[in-house]
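K.L.:
attaching a predicted model along with its sequence, questions to come.
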Amino acid sequence: MTINTRSLSTGALCTFMALGLAGHWSAAQAEPEISMRSEEMAHPRLVKAIHEMRDALNELRAAPSDFGGTKAQAIRDTELAIHSLKRALYYRLKMDDAAIDRAP
């Protein structure tokens, strides 16, 4: 029994192409959608830190003391730290600074 070499090559080519396309399709399907919610779920400690820093910022702003002249700088530094954490948290979303500041 002889096997036609040309049909074997064509069959092998079709098989490899089918496997290649199936691999490409499954890789595209496996890639998760990136959203603010998914990033927050992936990094709960960063989200918690942002909330804690916001609470501290509100307390600092409401405090009657100027903490020996350091209150204004502490407020600026805390605002910057919150922004930096949000930038780190949402970096894969490629948000600009205004969008980061609007993020919850």
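P.N.:
Nice, thanks for sending it over. Numbers count the residues shown, from 1 in each chain.

K.L.:
mind listing the helices in this protein by residue range?
P.N.:
5-30, 36-42, 44-62, 71-89, 97-102 (DSSP state H).

K.L.:
which residues are in contact with the second one?
P.N.:
Among residues not part of helix 36-42, those counted as contacts by Cβ atoms under 8 Å, 6 or more residues apart in numbering are 32, 46-47, 89-90, 92-93, 103-104. For glycine as for every other residue, the C-beta is placed from the backbone atoms N, C-alpha and C.

K.L.:
picking up where we left off before, mean pLDDT lowest for which of the helices of the chain?
P.N.:
For the helices of the chain, mean pLDDT drops lowest on helix 5-30, to a mean of 55.

K.L.:
residues contacting the residue lying closest to R61 once chain neighbours are set aside?
P.N.:
The shortest distance from R61 to any non-neighbouring residue, by Cβ to Cβ, 6 or more residues apart in numbering, is to I75 (6.3 Å). By Cβ under 8 Å, 6+ apart, the contact set of I75 is 57, 60-61.

K.L.:
and of those residues, the nearest to A98?
P.N.:
Checking the contacts of I75 against A98 with Cβ to Cβ, the nearest one is L57 at 19.2 Å.

K.L.:
just the buried ones among the contacts of helix 36-42, please.
P.N.:
46-47, 89-90, 103 (16 or more other Cβ atoms under 10 Å).

K.L.:
I'd like those as a markdown table, with distance to G68 appended.
P.N.:
Shown next, in a markdown table, are those (distance: Cβ to Cβ, whole Å):
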| residue | distance to G68 |
| --- | --- |
| L46 | 31 |
| V47 | 32 |
| L89 | 32 |
| Y90 | 35 |
| A103 | 33 |
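
K.L.:
what about I100, how many residues close to it?
P.N.:
I100: 19 surrounding residues under other Cβ atoms under 10 Å.

K.L.:
need the contact list for it.
P.N.:
83, 86-87, 90.
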